[in-house]
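Chemist: Sequence first, then the predicted structure, then my questions.
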Amino acid sequence: MEIKGKVFIVTGGASGLGEGAARMLAGEGAKVVIADMQADKGEAVARDIGGAFVRCDVSSEADGQAVVAQAVSLGKLAGLVNCAGIAPAEKTVGKNGAHSLAVFSKTITVNLVGSFNMIRLAAEAMAKNEPEATGERGVLISTASVAAYDGQIGQAAYSASKGGVVGMTLPIARDLARSGIRNMTIAPGIFGTPMLFGMPQEVQDALAAGVPFPSRLGTPQDYAKLVRHIIENDMLNGEVIRLDGAIRLAPK
């Protein structure tokens, strides 16, 4: 799959990993549609990279349809990169009692249902594409987390949502194989994103030091490099790739 001249949707593209992916894709000659709740930031990034912005709650069918419609209007929709997500922290039973069911439900809705919503709608549009010479019609990339495997204290909701993304990777790839659409997932480790930068500096430093090698925070550019490789290597399908510097998270 060549990136140049194609259209890609990036959810959560206004900041963090999504912004890194959006900038990489635009730099390679793609038209990028940024789907995000952060209108000001999303519009600014879209202007900067010559793309388009659509305000989107990824768990909304109508919002997802609007994003796909915008993408299709710009050309051949060849890819979706799912980066939208939330990461609340709450213990199953904490000082204030039982974990909020509303928080758990919202985390699943945004991270898991939202990812599937965008996958199904983008794939429906891609299935109508004229295939590439390889028979490929599109590629879908979602973002899980190493927390899907090594969930820490307070991460029951987040880990469950990302574990769901991991679990649906292979069956979706199998569902879409007949249409020539690939489905992949990236599971990042400790990355320097707005979520992490909200933590105290000493916490950030400790997290970076815990990465075996390289002992640093991952960057949006590291993530974008893997997105590019997945797009360009059509043998990558139905798999989850840990992008984590060999870290395995401790309980806390």
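Modeler: Yep, it's here.
Chemist: Just confirm Phe104 contacts Ser159, I think it does.
Modeler: No: at 11.1 Å, Phe104 and Ser159 do not qualify as touching, with contact defined as C-beta atoms under 8 Å. Placement of C-beta: from N, CA and C, glycine included.
Chemist: More neighbours: which of the two?
Modeler: Counted by other C-beta atoms under 10 Å, Phe104 and Ser159 do not tie: Ser159 has more neighbours, with 21 against 18.
Chemist: Leaving out sequence neighbours, find the closest residue to that one.
Modeler: Gly151 (3.1 Å; C-beta to C-beta, 6 or more residues apart in numbering).
Chemist: Tell me how many other residues surround that neighbour.
Modeler: For Gly151, using other C-beta under 10 Å, the count is 19.
Chemist: list the contacts for it?
Modeler: Contacts for Gly151 (C-beta atoms under 8 Å, 6 or more residues apart in numbering) come out as 158-159, 163, 249.
Chemist: Helices - which of those residues land there?
Modeler: 158-159, 163 (DSSP state H).
Chemist: Run through the stretch 101-250 of the chain and note the low-pLDDT ranges.
Modeler: Scanning the stretch 101-250 of the chain for pLDDT under 70 picks out the ranges 195.
Chemist: and if we set it to 80?
Modeler: 194-196, 198-200, 203 (pLDDT under 80).
Chemist: all helices of it, in order?
Modeler: Taking DSSP state H, counting those that start in this stretch, the helices of the stretch 101-250 of the chain run over residues 101-108, 114-126, 147-150, 156-176, 194-197, 201-209, 220-232.
Chemist: okay, these, which one's buried deepest?
Modeler: helix 114-126 (a mean of 22; mean count of other C-beta atoms under 10 Å).
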